[in-house]
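In: generate a structure from the sequence data that follows.
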Amino acid sequence: MSLVVDSLSAEVGDGRERKRVLHDVSLRIETGTLGAVLGPSGSGKSTLLRCIAGLHGTVSGAIRSGSRDLRGLPPERRRVGLVPQDGALFPHLTVGENVAFGLSKHIRRSRRVDDLLELVELPGLASRYPHELSGGQAQRVALARALAPSPEVVLLDEPFSALDATLRAAVREQVRRALAETGTTAILVTHDQTEALSIADRLIVLSDGRVRQIGSPQEVYQRPVDLWTGQFVGEAVVLPGRGEGSRVTTAIGDLRLVDPAVGAVTVLLRPEQVRIVEGPGTPARVVSVDYFGHDALVDLDLVADPGIRISARLAAPVSLREGDAVQIRVADPVLAFVAPRQDP
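Out: Coordinates of the predicted model:
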C-alpha cells in the first residue's frame, strides 16, 4: 500500500511547555518502495515515524495507508511494523519465538517463521537466543518480526547506526532485498547521507520539522533546492561568485551554470567535479589527503586566495602529498544560489 502523510503537525511537551516539532509535513511513498527520511539530530525524524506508527499524537494533518485513514487508530490496528534502533528483541525468547510474537496460533504452526528467517538470510537460527546473535543478525531478526504479521508499511528507525561500517553496508543490502521481495512499503529514518543515498527510492530531507526537499536520491544530490540542502546531502564545495546569466565568475575560473543567475551568488559544486590537471588551470596547493582505498578526498588551498578551501575527490591511485603544487579545473555546470533577502 502507498503511504501518504498530508500536512502533518505534531508537538512535544505538556501544557505551556509544548513545542511544535513537525510543521505541515507532507510526503508520499508508493507501494513497494523505500523512502528515507534524512535530517540532522532534532529535525523531527523519529517523531514523524512515531506519529505514523500511532505512538505519538498529532495536532493536525492526515496519515493514510492506501485508502485507510490511520489517524485515530491504535497502533495494533494500523498494520504498521516498526524496527527500532536497537532491535528490541525479547531476551528470554528464542529467535523463532521473537519472530512469531503476536501471530495467531494457526500462523505460528505454519512455515511463516522459517520462511521469514530464510528471507532475512538467517535459516536454521530459530532456536538461538538474542544474546547469541551478532548485531547485524539481531537487526534482521527484528525486521523478520516486523514483517511477520504482513504489515502494509514497515518503519525503520536508524536500524544500522550501532553496526560497524563494513557490517552496516552488508546488513543494509540484506534488509533492502528482503523488503523488495515482500513488496512492502517502507520508511527508513537516518542521519547518514551515504546510507540514505544508497538505499532509498525516495529521499525526504527534513530540517527543523519541515520538509526541505523530496525526490529521488539523484535529484536531491544533483539539484538541491537550496544551499543548506546541497551542503547537508553529500560533500560540497562552496565559494562566492558573480552570476552573469548562464555563467558565473569565481576564484577557480569562469564556469557554466545549471540555471541562469545574475549578481552575487554562492556557488555549490561536488568534489568529484574538481579535476587535477597537467595543463593550464587554477594554481592550488595540497593541504591534506584522506585516502579511502577506492578513492581519496584531497583538500586544497588556492594559491591566489588561500582563504578558499577546495576539495577534490580523486580515483585511486593517488600519489599527491601535503604541500604539492597542482593545477585544478572544474567540470561544469555548477549550481548557484542567491542569498535570501533579509527582512529590514
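
In: the helices in the stretch 201-344 of the chain, which residues?
Out: Secondary structure of the stretch 201-344 of the chain (DSSP state H, counting those that start in this stretch): helices located at 217-222, 227-232.

In: contacting residues for residue 248?
Out: By Cβ atoms under 8 Å, 6 or more residues apart in numbering, residue 248 lies in contact with 241, 242, 254, 255, 257, 261, 265, 267, 334, 336. Quick note: C-beta positions are derived from backbone N, CA and C, even for glycine.

In: mind giving me the PyMOL select for those residues, buried ones only?
Out: Of the contacts of residue 248, the buried ones go into a single PyMOL selection, burial set by 16 or more other Cβ atoms under 10 Å:
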select buried, resi 241+255+257+261+265+267+334+336
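
In: re the thing from before, now, of the helices of the stretch 201-344 of the chain, which is deepest in the fold?
Out: For these, average neighbour numbers computed from mean count of other Cβ atoms under 10 Å are highest in helix 227-232, which has a mean of 19.

In: so for that helix, mean pLDDT?
Out: The average pLDDT within helix 227-232 is 96.

In: over to stretch 250-261?
Out: For stretch 250-261, the mean per-residue pLDDT is 96.

In: helix or strand for the spatially most central residue of the chain, which one?
Out: Per Cα atoms, centre = their mean, the C-alpha nearest to the average position across the chain is that of residue 196, at 2.7 Å. Assignment of secondary structure by DSSP states H and E places residue 196 within helix 193-199.

In: kindly export that helix (C-alpha atoms) in CSV.
Out: The C-alpha coordinates for helix 193-199 follow below in CSV (Å, rounded to 0.1, in the frame of the first residue of the first chain):
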residue,chain,number,x,y,z
GLN,A,193,23.7,10.8,4.0
THR,A,194,25.6,7.8,2.4
GLU,A,195,23.0,5.4,3.8
ALA,A,196,20.1,7.4,2.6
LEU,A,197,21.5,8.0,-0.9
SER,A,198,22.4,4.3,-1.4
ILE,A,199,19.2,2.6,-0.2
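
In: got a list of contacts for that helix?
Out: With contact meaning Cβ under 8 Å, 6+ apart, helix 193-199 is reached by 34, 36, 38, 160, 168, 172, 176, 188, 190, 203, 217, 221, 232-234.

In: try 7 Å this time
Out: 34, 36, 38, 160, 172, 176, 188, 190, 203, 217, 221, 233-234 (Cβ atoms under 7 Å, 6 or more residues apart in numbering).

In: can you give me the buried ones in that helix?
Out: By neighbour count on 16+ other Cβ under 10 Å, the buried set for helix 193-199 is 193, 195, 196, 197, 199.

In: now do the biggest helix by length in the chain: distance to the chain's middle.
Out: For the chain, the helix with the greatest residue count under DSSP state H is helix 165-182. In terms of Cα atoms, centre = their mean, to the nearest Å, the centre of helix 165-182 is found 14 Å from the chain centre.

In: and if you look at stretch 316-332?
Out: Centroid separation for stretch 316-332 versus its chain: 30 Å, with Cα atoms, centre = their mean.

In: show residues contacting that stretch.
Out: Residues from elsewhere that reach stretch 316-332 (Cβ under 7 Å, 6+ apart): 252-253, 255-256, 269, 273-277, 280-289, 291, 293-296, 298, 300, 310, 312.

In: mind listing residues that contact the top strand by length along the chain?
Out: Counting by DSSP state E, the longest strand found in the chain is strand 253-269. Contacts with strand 253-269, where a contact means Cβ under 7 Å, 6+ apart, come from 227, 230, 236-248, 250, 282, 329-330, 332-339.

In: perfect, that will be all.
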